[in-house]
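In: model this:
(4 chains)
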Number of protein chains: 2
Amino acid sequence: MPEDVELLSLAARRPVERADAARNRRLVLDAAARLFAEHGVDGVSMDAVAREAGVGKGTVFRRFGDKSGLAAALLDDRERELQKGILSGPPPLGPGAPAAERITAFIGAYFDYLAGHLDVSRLSETAVPGARYRIGAYRFWHRHLAILIHEADPSADADHLSHMLLAALSADLVHALRADGHDWERIRAGVLDLAARVIPSGRDV
Amino acid sequence: MPEDVELLSLAARRPVERADAARNRRLVLDAAARLFAEHGVDGVSMDAVAREAGVGKGTVFRRFGDKSGLAAALLDDRERELQKGILSGPPPLGPGAPAAERITAFIGAYFDYLAGHLDVSRLSETAVPGARYRIGAYRFWHRHLAILIHEADPSADADHLSHMLLAALSADLVHALRADGHDWERIRAGVLDLAARVIPSGRDV
DNA sequence: TCGATAATCGGACCGCAGTCCGGTTGGTAT
DNA sequence: ATACCAACCGGACTGCGGTCCGATTATCGA
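Out: From the prediction side, this is the model:
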């Protein structure tokens, strides 16, 4: 399993983190979570987050880069849970099952994760154009999927195909589908159906 | 062919348009095209467009809504060309060919259109979250694809599948792939390959 | 324990997207 | 031709994302 490098690189922390910096990071993340829950993702400015955290605006931006970075940091914990399940959990999400089954399991699990954090995910993906593809977590999902696709069908352009499957799971698209009246189950089934069409699980192609 | 209603709705103009309004629309669009070509899409503010057009800022926003709307208006002419080819051009892009072939033709043609206007397309799709799905042109592409998918495979959720195929053609994704080193031909082939996997052109499923 | 050094802190500052409203102008009915 | 009204015009204004830099504070070597 050569995937483990990903998690390591994501877990890599700076040599040390000063005590005040760590404290402030926590303050900012807690404040953001509180305000998002109370006023909705769109109704919270970065100034408001800084004020609620009792911290200067510059501090927030230095630690999180921009608004999408703050949202990504908020998602971090849940992401790690899913990443852990992929790297070392039981099959079919974890190692041990055939690639096609692992693909299905991953897409289902990722969709459930997305559905549970759609607003914050959408913020992290759309606040800054191109942000989605730069986030470490996206790279993890992409590499994982690409490895599985290559295993299931070596003739495919696994790298590109992996990006396109993830595009079907973009928060902005799912949000638009919801706004268009699609219910969760329909969207979930549709994405899984797409994956099944792309990577036939049984024999043949 | 029940698709024609789409084009009509897109072409529907307000009862009349005042002479000064029409003149200013032209001024603004020309100014925007000029500035985008000269300074790049990211280096042009709405103030600059208004100034270059010799028009007030309010005028620009009233006529185009927001920045993504201005970009969408700039794309309008080219879009209509493609739309015309779909509605009344020769097969396989136009009517007359089997649905699966029309899907392939459409995706290839749309990709070429996208590749030719990637920056402005990206602006129109990402300047405002969710903007892509609200634009009239997107609805046209979506409905066209959905009709063909339903024809090729009535068992599929054509509506959702159509959205997901278009997600693989999102300007932001294609931009990210380019930045990641993928060349145009590779991306084009990958998207067509995806369509072929989703909608088998020959027999069976 | 204490001084040197580098990272952190935070609020003033900037540019831009988008709004508002009093003044103006073009279309239309008489 | 003219008067009325709706639509248009445009620049001042607001709030937000993001930057910058002088002051502050934590860490480490002596």
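
In: at the contact with DNA strand C, which residues of chain A appear?
Out: Within chain A, the residues that sit near DNA strand C (Cβ under 7 Å from any atom of the strand) are A:14, A:17-18, A:20-21, A:23-24, A:54-59, A:62-63. In this view, the C-beta of every residue, glycine as well, is placed from N, C-alpha and C.

In: mind redoing it with 6 Å?
Out: Residues of chain A found near DNA strand C (Cβ under 6 Å from any atom of the strand) are A:18, A:20, A:21, A:24, A:55, A:56, A:57, A:58, A:59.

In: list just the nearest of these to DNA strand D.
Out: Set against DNA strand D, the nearest of the residues of chain A next to DNA strand C by Cβ to the nearest atom of the strand is residue A:58 (2.9 Å).

In: how many neighbours does the closest one have?
Out: Look at residue A:58: counted by other Cβ atoms under 10 Å in any protein chain shown, it has 9 neighbours.

In: helix or strand for residue A:58, just tell me which one.
Out: According to DSSP states H and E, residue A:58 maps onto helix A:57-64.

In: export that helix to CSV, keeping only CA atoms.
Out: The C-alpha coordinates for helix A:57-64 follow below in CSV (Å, rounded to 0.1, in the frame of the first residue of the first chain):
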residue,chain,number,x,y,z
LYS,A,57,-7.7,39.9,11.7
GLY,A,58,-4.2,39.4,10.6
THR,A,59,-3.8,36.4,12.8
VAL,A,60,-6.7,34.6,11.2
PHE,A,61,-5.4,35.2,7.7
ARG,A,62,-1.8,34.3,8.5
ARG,A,63,-2.8,30.9,10.0
PHE,A,64,-5.4,29.9,7.5
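
In: what average pLDDT does the following helix or strand past it get?
Out: Next helix or strand after helix A:57-64 toward the C-terminus (DSSP H and E): helix A:67-88. Here helix A:67-88 scores 93 as its mean pLDDT.

In: also stretch A:44-54?
Out: Stretch A:44-54 shows a mean pLDDT of 94.

In: mind checking if that stretch is in reach of chain B?
Out: No - Stretch A:44-54 lies out of reach of chain B by Cβ under 8 Å from any Cβ of the partner chain, never closer than 14.6 Å.

In: and the contacts of that stretch?
Out: With contact meaning Cβ atoms under 8 Å, 6 or more residues apart in numbering or on different chains, stretch A:44-54 is reached by A:24, A:27-28, A:30-32, A:34-36, A:56-57, A:59-61, A:67, A:70.

In: greatest separation within the residues you listed: which pair is it?
Out: Spatially, the most separated pair among the contacts of stretch A:44-54 is A:36 and A:56, at 20.2 Å (Cβ to Cβ).

In: the two - which one has more neighbours?
Out: residue A:36 (20 against 12).

In: so which strand or helix has the more buried one?
Out: Going by DSSP H and E, residue A:36 is part of helix A:19-39.

In: buried ones in the next helix or strand after that helix, by neighbour count?
Out: For helix A:19-39, the following helix or strand on the C-terminal side (DSSP H and E) is helix A:46-53. Within helix A:46-53, the residues scored as buried using 16 or more other Cβ atoms under 10 Å in any protein chain shown are A:46, A:49, A:50, A:52, A:53.

In: check stretch A:105-116 too.
Out: For stretch A:105-116, the neighbour count (16+ other Cβ under 10 Å) marks A:105, A:106, A:107, A:108, A:109, A:110, A:111, A:113, A:114 as buried.

In: centre of the chain to that stretch, how far?
Out: 9 Å (Cα atoms, centre = their mean, to the nearest Å).

In: buried stuff in the helix holding residue A:58?
Out: A:59, A:60, A:63, A:64.

In: report the contact partners of residue A:106.
Out: Residue A:106 is in contact with A:86, A:93, A:141, A:144, A:145, A:148, counting by Cβ under 8 Å, 6+ apart.

In: among the buried residues of stretch A:105-116, which ones are in helices?
Out: Mapping the buried residues of stretch A:105-116 onto helices (DSSP state H) picks out A:105, A:106, A:107, A:108, A:109, A:110, A:111, A:113, A:114.

In: does the first one really touch residue A:95, like I thought?
Out: By that I understand residue A:105. No - assessed by Cβ atoms under 8 Å, residue A:105 is found out of contact with residue A:95, at 11.2 Å.

In: farthest pair in the ones in helices among the buried residues of stretch A:105-116?
Out: Greatest spatial distance among these (Cβ to Cβ): A:105 and A:114, at 14.8 Å.

In: which residues of chain A lie near DNA strand D?
Out: Contact residues, chain A versus DNA strand D (Cβ under 6 Å from any atom of the strand): A:16, A:18-20, A:45-47, A:57-58, A:61, A:66-67, A:128.

In: list the buried ones in stretch A:170-180?
Out: Using 16+ other Cβ under 10 Å as the test for burial, stretch A:170-180 gives A:170, A:171, A:172, A:173, A:174, A:175, A:176, A:177.

In: show me what from chain A comes close to chain B.
Out: So far as Cβ under 8 Å from any Cβ goes, chain A lies against chain B at A:122, A:126-127, A:129-130, A:132-133, A:156-157, A:159-161, A:163-164, A:167-168, A:170, A:172-173, A:175-177, A:179-180, A:182, A:186-187, A:189-191, A:193-194, A:197-198.

In: nearest to residue B:82 among the contacts of residue A:106?
Out: The closest of the contacts of residue A:106, once distances to residue B:82 are taken by Cβ to Cβ, is residue A:145, at 31.3 Å.
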